[in-house]
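Q: Show me the folded form of this:
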Amino acid sequence: MTAMTILFLEDDDAIAGAVCDFLAGRGCRVARYTTLAAARQALAGALPDLALLDRNLPDGDGADLCRALRARCPRMPVLLLTVRGDTPDVLEGFGCGADDYVTKPFELEVLYSRLQALWRRSRPETGPLLRCGPITLDEARQAVSCRGQAVALGALEYQLLLLLLRNQGRTLTRRQLLDELWDRNGRFVNDNTLTVTMKRLREKLGQPGCLKTVRSFGYRMEEDAP
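A: Predicted structure coming up:
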């Protein structure tokens, strides 16, 4: 398997050293930067597979780079490092386009597990066109359109839509979605992440009627009745 390439933005030498050593020991290629300016300059060249971004930096907020990456590279997974795990901080992180977050201090194994999960979900797959209502998803190109217009989705938003379309006509519980979208055994999951991701997906698709909520249970993708 090809090694993950990771852009790592972190100004704390102790944290960065531990993370870089750990990830290198698992075959990852990590390019570490200490400022937003240096990371932006690096991104002018070849793009990494993933971005791991600290929030608090000498020259600004890593969330700003997250926004720029999301506009340029909708499919690139972005994981934010934050010192706070309260709801407003988490929502702010997802609001800037992050796919996941890890709260400091963190276990290196947990960080690696989350990076692997994001990378696995972002890798290209071959497959058919999936359609429901005004939505079309091309698995081979990882492209989504709604009412004939291209829609740029984040990695988690894309995977959530893909999962629902592959199970069209079937209600998927929140637990099933969390287990599939995050860690295979359901660990390290914040239920709020699913709510926020679904909200953003609906907004980007223009609130399609075919994407339904089954109250107190889960979600379902099905054609609207004529």
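Q: all contacts plus neighbour counts: C-alpha atoms, from now on.
A: Fine.
Q: Need the contact partners of stretch 145-163.
A: Residues outside stretch 145-163 that contact it (Cα atoms under 8 Å, 6 or more residues apart in numbering): 70, 74-77, 97-99, 118, 121-122, 134-137, 143-144, 177, 181, 197-198, 200-201, 204-205.
Q: can you tell me which of those residues are in helices?
A: Arg70, Leu118, Arg121, Ser122, Leu177, Leu181, Thr197, Met198, Arg200, Leu201, Lys204 (DSSP state H).
Q: what would these look like in a markdown table with neighbour count?
A: Output for the ones in helices among the contacts of stretch 145-163, formatted as a markdown table (neighbours: other Cα atoms under 10 Å):
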| residue | neighbour count |
| --- | --- |
| Arg70 | 21 |
| Leu118 | 25 |
| Arg121 | 17 |
| Ser122 | 20 |
| Leu177 | 18 |
| Leu181 | 20 |
| Thr197 | 20 |
| Met198 | 19 |
| Arg200 | 19 |
| Leu201 | 23 |
| Lys204 | 15 |
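Q: which of the residues you listed sit farthest apart?
A: Spatially, the most separated pair among these is Arg70 and Leu177, at 23.2 Å (Cα to Cα).
Q: about what we covered before: from the ones in helices among the contacts of stretch 145-163, which single one is nearest Asp21?
A: Leu118 (20.1 Å).
Q: Let me see the ranges of the helices in the chain.
A: With helices called from DSSP H, the chain shows them at 13-25, 36-42, 62-72, 87-95, 108-122, 155-166, 174-181, 191-204.
Q: Now do the second one: everything it contacts.
A: Pointing back at helix 36-42 there. Helix 36-42 is contacted from outside by Leu7, Leu9, Tyr33, Leu57, Asp59, Gly60, Asp61, Gly62, Leu65, using Cα under 8 Å, 6+ apart.
Q: Out of those residues, name the ones that lie in strands.
A: Counted as lying in strands by DSSP state E, out of the contacts of helix 36-42, are Leu7, Leu9, Tyr33, Leu57, Gly60, Asp61.
Q: is the second one in a bridge, and if so with what?
A: Note on Leu9: beta-bridge partners by DSSP bridges are Tyr33, Leu53.
Q: pretty sure it is in contact with Leu43, am I right?
A: No. If you go by Cα atoms under 8 Å, Leu9 and Leu43 don't touch, sitting 11.7 Å apart.
Q: Looking at the two now, which is surrounded by more residues?
A: Per other Cα atoms under 10 Å, whichever of Leu9 and Leu43 has more neighbours is Leu9, with 26 against 12.
Q: Show the pLDDT at that one.
A: Model confidence at Leu9, expressed as pLDDT, equals 96.
Q: Let me know the distance separating it from Pro128.
A: 37 Å (Cα to Cα, to the nearest Å).
Q: same question, Leu211
A: Distance from Leu211 to Pro128, by Cα to Cα: 20 Å.
Q: This completes my enquiry, with thanks.
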